[in-house]
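# model this:
(chains A, B, C, D and E, ligands or ions: 4)
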Amino acid sequence: MATTTTLKATDTREHQPAVWTRWLDLSDRALAVLLLAPAGLLLALIIVYPVCRLIYTSFLNLSLTSGLPAEFAGLENYRLMIDDPVFWETTWNTILITLITVPGALLLGLALALLANLPFRTQWPVRLSLLIPWALPLSFAGLIFAWFFHSEYGVVNDVLNRLGFEGIIWFNSPDWAFAAICLTIIWKTSSFMALIILAGLQTIPRSLYEAADVDGAGRLRQFFEITLPLLKPSIVVALIFRTITALQTFDIPYMMTGGGPGTSTATLAMYIHQNTVSFLDLGYGSALAVVMFALSMCVTAVYLRMIRTKE
Amino acid sequence: MSTTTVPGSASFLSGKPLRVIAAGILLVNGMFPALWILFTSLKTEAELTAKPITWIPHAPTVQNYVQAFSDQPLHIFLFNSFMVALLSTALTLFVAVLAAYALARLNLTYRGLILSLIIAVSTFPLVTLLVPLFEIMRALNLLNSWTALILPYTVLSLPVCTLMLVSFFEGIPRDLENAAMIDGCTRMGALFKVVVPLCAPGVFTAGILAFVNAWDEFLLALSFNSNPSLRTLPVGIQLYQGEFAFPWPVISAALVAGIVPVAILIVIFQERVVSGLTAGGIKG
Amino acid sequence: ETALNIYISSQHQPDVWRKALDKYEAANPDVKVKIETGGNTSEAQAQYLNTVMSAKDTSLDVLILDVIRPAQFAAAGWTSDFPGKDMSSYLPAYAGANTVDGKVIALPAFADSQFLYYRKDLLEKYGIEPPKTWDELKVAAKKIAEGEGNADLQGLSFQGKAIEGAVCTFLLPYWSQGKTLTDNGRLTFDRDAAIKSLSLWKAFADEGVAKKNIAEVGTDDTRKEFQAGNVIFAVNWSYAWAQAQGKDSAVAGKVGVARLPAMTGGEQATCLGGWEWGVSAYSQHQDEAKKLVEYLSSEEVSKFMAINGSLLPTYAGLYQDAEVTKSAPWFADALQVVETAKPRPVTPRYNEVSEVIRTTVNAVLAGVTTPEDGADQIGARLKRILR
Amino acid sequence: MAGVSLRALDKSYGALRIVKGIDLEIADGEFVVFVGPSGCGKSTTLRMVAGLEAITGGEVRIGDRVVNRLAPRERDIAMVFQDYALYPHKTVRENMGFSLKVRGISAGEAAVRVDEAANMLGISHLLDRRPGQLSGGQRQRVAMGRAIVRRPQVFLFDEPLSNLDAKLRGQVRTEIKKLHQAIGTTIIYVTHDQVEAMTLADRIVILRGGEIEQVGTPDEVYNRPASVFVGGFVGSPAMNFAKARADGGHLVFANGDRLPLSAIQVPAVDGREFVVGIRPEHFTANASEVALTCHVQVVEPLGSDTLVHFAVGNETLTARMPPETRVKAGETLKIGVDPAKIHLFDAATERAVH
Amino acid sequence: MAGVSLRALDKSYGALRIVKGIDLEIADGEFVVFVGPSGCGKSTTLRMVAGLEAITGGEVRIGDRVVNRLAPRERDIAMVFQDYALYPHKTVRENMGFSLKVRGISAGEAAVRVDEAANMLGISHLLDRRPGQLSGGQRQRVAMGRAIVRRPQVFLFDEPLSNLDAKLRGQVRTEIKKLHQAIGTTIIYVTHDQVEAMTLADRIVILRGGEIEQVGTPDEVYNRPASVFVGGFVGSPAMNFAKARADGGHLVFANGDRLPLSAIQVPAVDGREFVVGIRPEHFTANASEVALTCHVQVVEPLGSDTLVHFAVGNETLTARMPPETRVKAGETLKIGVDPAKIHLFDAATERAVH
Ligand SMILES: Nc1ncnc2c1ncn2[C@@H]1O[C@H](COP(=O)(O)OP(=O)(O)OP(=O)(O)O)[C@@H](O)[C@H]1O
Ligand SMILES: Nc1ncnc2c1ncn2[C@@H]1O[C@H](COP(=O)(O)OP(=O)(O)OP(=O)(O)O)[C@@H](O)[C@H]1O
Ligand SMILES: [Mg+2]
Ligand SMILES: [Mg+2]
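Ligands and ions are numbered 1, 2, ... in the order given. As a prediction, the model looks like this:
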């Protein structure tokens, strides 16, 4: 154990921090400005100008197929939306997809994260299977699942048949098509949720579970009383971005059904894409985008309030 | 943190059977589609339309891979994707770490507002910003360069990474950072030498998110880099199809070739992220 | 020295075009042409060009355009026209497809159209001639299916998915009744013809001649199934030929092509495809670019591409050309088909027209809408678009 | 309530054997205090009893059940953790009430018990704060409170008072004693504080490197230490040790000072080597006939006592003297020893000689 | 090296004022110990000196610089945190060497210093472990080691020894004292341990609710406590207090026992109310003429001493008696008091009366 070594009395002045690093000890405010600057600059460069252009365009009557020059149209584009049934249908579809897939992905993601957090001896297959769905490019995920749900060559119907059920012609019915899309989205995005939640799970100290165990809390109780509250920040982050991306749902329905049958599975983002890229009606497309942005902002605001009440 | 073996509560309910079931669920959920693509890539087109459908290829062939690599310069696509994703991930993490630290630790007055702004940015669908972005890239003379993709990809992942890191940084006891500052670190030193390593699982996750976001992106890559030698994988894979033809087996082979590097990367990195690091540092 | 940038979609064999361009460069030493390739599908290509052209980018001089796009590009002011260009030497349908408001917007690059592919062996086995009408086809299909007793053998495969091909699906019987959709950009929609057209297809599915899931069948699905030997008759574009005769094909040597059938009492019609050459309005070398386009759409190049790239020529005469038929013997049969091909409506808002038709066709085939409602919807929505 | 018994209890981390076959029977209602040097395995043993650490070998019984494979919550124990392990997202009240809520005790009853415990620990005014807003000592008291609101079969306390000031510690100690007397629950208590160990324990267990060195009542452990280690470990300031050799009925120290062996009643062959243990309080200033010659090195006035550190030969000894003692560093003087209070250990085995 | 001075130092959390205008001059090389009840603001004050907590009011000087606005690293201090704050991802060696590495000290030199400190603290064998694999006391020693490998201008120690056993604590305490004597660095030290406070301090600062109650040498604080609070806080077991009234040259206790005022040399008007403070060690078993009648309630043998808790009227007092004392709970007896050792406080102000 302790031996009696005495520290030598060397009274050399210690190396002081070099003078040139003084600026690193800025006041909080100056430091904050400095730290936020790169993010701010990037966002300004890549987003602010384009967005201003977008908002400006939304007030123009600018359809490249009309052959007419752009002219200021005030709120005309926004007014048009009101009696555009496709706008309402796609918006409704978008909201429905959001309402179904966000909680769905959250639950599946949470479950996957909890499973993946079990003490496996070899970790990598678990991590890998958690990440693969996320690493599959979105557009191809749509194609692959369209194929899975194919009524003849799809593996889903194959499994159904093997289990003794009749195969379903998924894309012949709006409801089944919608279901197939939602399932695909949930599968694809749950790994994003799981990833964020898993990272959150790993920062919860084990000693808290020990304390709860001694306190008599069972697994379920521990989950609700410790895991979930401590995961809240991670979950909110995941939810915010999942919701925003859900509102922007595009690739998967685009690839799986192209919005069909009819327009029954088309989303707002698809409609925007159609108007801007396909119909070249930039004015109207921009107005739609602005509406979608407003929608996302509302949702974000709600979530942010959730974060704030935490403090 | 219960990644090491098994004391206390962990040992009783997460016994072997549960772990086996869990592993099964995870593997099927995650791997099935990937495996399906792998199997497809080994099938001939004829087998694809055979009925009833086959799961495991009857006569596996590597022909599709040969074709995938000979029809298009797949290795160039892979290299471009990899570099662009890697660089933009590095940039994203750097910028996000700085911003997240400011938001998590500096008691800013407008914290809520800044957070909202950062999130607001990600609520614009990229499609709608394509043309102005193209103009910016052209003005900066960046068209047909990695940078043209790295910058927007960084912005694409920045909000989610920042927000995530904020919540992680808030979970690190301030005293650890304090100790580092007493030990002679600047705030930034404390951030990079203590806080960031301690948040490794979070930083890793953020990195994966950024990487995959960049790895997957199609639209910008298609629009900004028309030079064939700068094409990324998602754009490249589209080239296997014709106006009408969609050769699934070859495309599957290309997809497999695209997934494998990411998978390897994940496997390598996850070994490095030792979880459970925050144990024992602090009383409380 | 002028450097021209020419945009080709990479599915269109840029390496073969390169050879044609090399010749041009040899003949015009002061011009250097660079090929730029982009997204493969018509859609990816449109996506790319939309971005570049919206940004008024000057980097592209010559563009290859899907046959449905010239009107749209002209309206957006993205292309320069060819004043006074005489289009009569081309296949007649291309004059219509490339002329908007009397202005020639683009010149044909190569031709394409939909054909009726059929199983020569089966038809011979049952002693059936290629059908001239859809009704005949139905009868023939049923007869063969019964005879073969193969549950997997479909009578007819066509495109019911909500893709561009579905527009042609709709137009084939519609045109066959002698009706047009637009005339000089004005709507000439005929509700009854539309109902008949939609009912025809729906009946195929309902009667089991086509698959129940026809609403999820895309162009390449048709090809694959035909190639796998699961289909007696198929509606498809020319690209399917080479593959159906390829070594992976189960039907190599058993394939015949014919004109698409007509409605009973109507005339046979088919859908025109193919691609066109346009000159970017933002090009800084207008004259050189136009000169290049003239060359690229010349008979010489058309023949070169037919021989070396198996692309259908845009000049009627080339279909009988000995050199051409030597390398692609089936072109001899193709002429009669291509000659009856009609262009889809030429309007700047074609994309919207297309969207309306294809989603409706898809909805009708999926059983979500009746043919009558579908026709009404098409009528109403087209009216709004083309007002 | 129930007793606890440890049988051949073993714990290894990989190749590192931390706890080496501990055997101990703790009677129902007994108050057992574990002491031992830092890192000797006290917390580990406690955690094995609690079920938080997998048992490598041996068995733990609580009452008449072998609990080796039971989950902590099935063992009906309460524990104060050395590092507190408070729930950061719960208020102090919620932290303390959690176990009651979990066990389905009515909110009213729970509130009463929490208030009672908070009162006793002097943290009533902190009930609505979160752990992050508390000082070290306050956190420790919350951890303590969380354990005592329960009425388990066994209490496990891991240094529950180490961050408290002397006054508060005295108070809480008294409260714990009262609590034990009132409800008679079995308690296993780890501490480094001599006073706590001596006053609270029915029996003290001295651990050393994962093994039990001695088990006994406080009196036994203090007055009849089984080994040099125990002698040196129990008591503050620690017992002094000096080498000596038996020689002609006397113990002869290195500096030549002699102590008559007769007074110690230990028969010793001449030449046998001993370690002589003398507690600091058994030195006296007035040098009687039995005395050591010593050089004063450091004098530490503690207020209530004065510690005099002095050298005998090249060994440093410490004497506890009355506060009014006026000796100075550097002096040489004779310090008296009561031969009856001397402990003798065999120099080779370091075990006590009786 | 440098002194530290605190001028009107203030700290509030929102409306909660935690530190209330502390004024203190600490000379260069002085060893100052802060004591005070849990939650009184000791850690907070230390953290303000370190620059870890924003200063709400007043100023801190180190040497002749006002450091209010300097970053911690520029203040050239080392600190041991109450909650250790070890870097969980670094080994013990890296934890200890980190500050040296950051300050650009060569690896060789750093290794020497780390080994030296580890040796002194008895943790040489743990250098390659991570904090998660250490026991509580081991972690505390690592935290201690991390501070002392540096040679800063000022050391700040926040209860650095609270998790160590008595023996080790004594050793490390001695080492700290030696360290201080050798290098003479200014030290501010927070502790709850009486012995540490008394033996280490040049001056002791007693804090109470964010204010300084008394500053003085250990001797002053122990023998001339300025108030009931200080008297009760310093010393273990704590000073006893009993109410008494001056009456005819005597102090009359509640139970009627009388003490001659003459011995105390305090002039007192009849009827004045006092709080009488008597330290446990100033009671004697043999009842002289000055004695209190008392009922023994609890007897606690500590080994080195025996604590006798007894009631005088309805107040409970504690006497420290020699271990051989044989009194039993329930007895009534007379316990002598040395009147010269008595402390008198005004009953109303609770300040000492001289
Ligand atoms: N963030 C905070 N918000 C509100 N009150 C706080 C906060 N942090 C500390 N306090 C309070 O400030 C007071 C002083 O705390 P400090 O840690 O300085 O006490 P201390 O004297 O070190 O006590 P101990 O001896 O228990 O460690 C305590 O009452 C504590 O509850
Ligand atoms: N995960 C681990 N891996 C390896 N050794 C460990 C681990 N955890 C603890 N130890 C070691 O086990 C020994 C016993 O630890 P334990 O916590 O039981 O000590 P303790 O007696 O409670 O000490 P203290 O009084 O300092 O709290 C220590 O030496 C410690 O270093
Ligand atoms: Mg311990
Ligand atoms: Mg403190």
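
# what does chain D put close to ligand 4?
Contact residues (Cβ under 5 Å from the ion) of chain D with ligand 4: D:135-136. (Glycine included, C-beta is placed from N, CA and C.)

# excluding sequence neighbours, find me the nearest residue to residue B:128.
residue A:289 (4.0 Å; Cβ to Cβ, 6 or more residues apart in numbering or on different chains).

# hmm, the one you found is touching residue A:271, no?
No: the pair residue A:289 / residue A:271 is not scored as a contact, 10.1 Å apart, by Cβ atoms under 8 Å.

# list the contacts of the residue nearest to residue B:128.
A:54, A:58, A:272, A:276, B:124-125, B:128 (Cβ atoms under 8 Å, 6 or more residues apart in numbering or on different chains).

# state the distance from it to ligand 3.
61 Å (Cβ to the ion, to the nearest Å).

# over to that residue. Which of the three states is it?
Under DSSP: H, G, I helix; E, B strand; the rest coil, the three-state class of residue A:289 is helix.

# what about it, distance to ligand 2?
Residue A:289 sits at a distance of 55 Å from ligand 2 (criterion: Cβ to the nearest ligand atom, to the nearest Å).

# just residue C:282 next, same as before
The separation that residue C:282 has from ligand 2, given Cβ to the nearest ligand atom, amounts to 69 Å.

# name the nearest residue to residue B:144, ignoring sequence neighbours.
Using Cβ to Cβ, 6+ apart, the closest residue to residue B:144 is residue B:227 (4.5 Å).

# how about the residue of chain A at minimum distance from ligand 3, secondary structure?
Of all residues in chain A, the one sitting closest to ligand 3 is residue A:207 (12.8 Å; Cβ to the ion). In three-state terms, and counting by three-state DSSP, residue A:207 is helix.

# isn't it up against residue D:86?
No: when contacts are counted by Cβ under 8 Å, residue A:207 is not listed as touching residue D:86 (9.4 Å).

# buried sites along stretch C:209-228?
By neighbour count on 16 or more other Cβ atoms under 10 Å in any protein chain shown, the buried set for stretch C:209-228 is C:209-211, C:213-228.

# ok, now which ones touch residue 74?
Picked chain A for this. By Cβ under 8 Å, 6+ apart, residue A:74 lies in contact with residue A:59.

# I was thinking of chain D, sorry if that wasn't clear
D:51, D:67.

# domain parsing for chain A?
Following the TED database, chain A resolves into domains at A:27-72, A:84-309.

# grab the nearest non-local neighbour of the residue of chain A closest to ligand 3.
residue D:85 (4.1 Å).

# backbone dihedrals for the one you found, both of them.
Note on residue D:85: its backbone torsions stand at phi 50, psi 50 [degrees, to the nearest 10].

# what's around it, how many residues?
Neighbourhood size, residue D:85 [other Cβ atoms under 10 Å in any protein chain shown]: 24.

# for it, give its distance to residue D:92.
14 Å (Cβ to Cβ, to the nearest Å).

# check the gap between residue C:360 and residue C:159 for me.
Distance, residue C:360 to residue C:159, by Cβ to Cβ: 14 Å.

# I misspoke; the intended subject was residue C:384.
Plainly put, residue C:384 is 25 Å away from residue C:159 if you go by Cβ to Cβ.

# these two: which has the busier surroundings?
residue C:159 (31 against 10).

# show the contacting residues for the closest residue in space to that one that isn't next to it in sequence.
Computed as Cβ to Cβ, 6+ apart, the closest residue to residue C:159 that is not its neighbour in sequence is residue C:165, at 3.5 Å. Residue C:165 is in contact with B:244, C:159, C:218-219, counting by Cβ under 8 Å, 6+ apart.

# pick out whichever of those sits closest to residue E:165.
Proximity of those to residue E:165, judged by Cβ to Cβ, is greatest for residue C:218, which lies at 78.9 Å.

# burial count for the nearest residue to the closest one once chain neighbours are set aside?
Spatial nearest neighbour of residue C:218, excluding adjacent residues (Cβ to Cβ, 6+ apart): residue C:161 at 4.4 Å. A count of nearby residues for residue C:161, using other Cβ under 10 Å, gives 28.

# now do the one 3 residues further on
Applying other Cβ under 10 Å, we find 26 residues neighbouring residue C:164.

# that one touches residue C:41, doesn't it?
No: counting by Cβ under 8 Å, residue C:164 does not reach residue C:41; the two are 9.7 Å apart.

# residues in contact with the residue in the stretch 1-150 of chain A that chain B sits nearest to?
Scanning the stretch 1-150 of chain A for proximity to chain B using Cβ to the nearest Cβ identifies residue A:129 as nearest, at 2.8 Å. By Cβ under 8 Å, 6+ apart, the contact set of residue A:129 is B:26-27, B:29-31.

# figure out the helix or strand that it lives in.
Using DSSP states H and E, residue A:129 maps to helix A:124-135.

# cool, residue A:237 as well?
helix A:228-247.

# does any part of that helix sit near chain B?
Yes: applying Cβ under 8 Å from any Cβ of the partner chain, one finds helix A:228-247 touching chain B at A:233-234, A:236-237, A:240-241, A:244, A:247.

# show me how far that helix is from its chain's centre.
Computed by Cα atoms, centre = their mean, to the nearest Å, the chain-centroid distance of helix A:228-247 equals 8 Å.

# tell me where the stretch 51-200 of chain A has strands.
A:60-61, A:71-72 (DSSP state E, counting those that start in this stretch).

# out of those strands, which is the most enclosed?
strand A:60-61 (a mean of 19; mean count of other Cβ atoms under 10 Å in any protein chain shown).

# name the surrounding residues that touch that strand.
Contacts to strand A:60-61, defined as Cβ under 8 Å, 6+ apart, come from residues A:68, A:70-73, A:76-77, A:282-283, A:286.

# count the residues that sit near residue C:65.
For residue C:65, the neighbour count with other Cβ under 10 Å is 25.

# how much space between it and ligand 3?
Residue C:65 is 79 Å from ligand 3, by Cβ to the ion.

# and that residue, what pLDDT?
pLDDT recorded at residue C:65 is 91.

# ditto for residue A:111
90.

# repeat for residue B:149
Taking residue B:149 on its own, its pLDDT is 90.

# that one - nearest residue in space that isn't next to it in sequence?
residue B:84 (4.9 Å).

# what does residue B:98 give?
Nearest to residue B:98 is residue A:35, by Cβ to Cβ, 6+ apart, at 4.3 Å.

# residues near the one you found, how many?
By other Cβ under 10 Å, the residues close to residue A:35 number 24.

# what sits against it?
Neighbouring residues of residue A:35 by Cβ under 8 Å, 6+ apart: B:98-99, B:101-102, B:106.

# please identify the helix or strand for it.
Going by DSSP H and E, residue A:35 is in helix A:28-43.

# centre of the chain to that helix, how far?
On the basis of Cα atoms, centre = their mean, helix A:28-43 sits 25 Å off its chain's mean C-alpha point.

# in it, what counts as buried?
Using 16+ other Cβ under 10 Å as the test for burial, helix A:28-43 gives A:31-32, A:35-36, A:38-40, A:42-43.

# remind me, longest helix of chain A?
helix A:85-116 (DSSP state H).

# list the buried residues of it.
Neighbour counts over helix A:85-116 (16+ other Cβ under 10 Å) mark A:86-87, A:89-91, A:93-94, A:97-98, A:100-102, A:104-106, A:108-116 as buried.

# who does the strand or helix carrying residue B:81 touch, helix- and strand-wise?
Residue B:81 belongs to helix B:74-105 when assigned by DSSP H and E. Helix B:74-105 sits against helix A:28-43, helix B:111-121, helix B:146-170, helix B:200-216, helix B:233-238, helix B:248-272, with contacts defined as 3 or more Cβ pairs under 8 Å, 6 or more residues apart in numbering or on different chains; DSSP states H and E.
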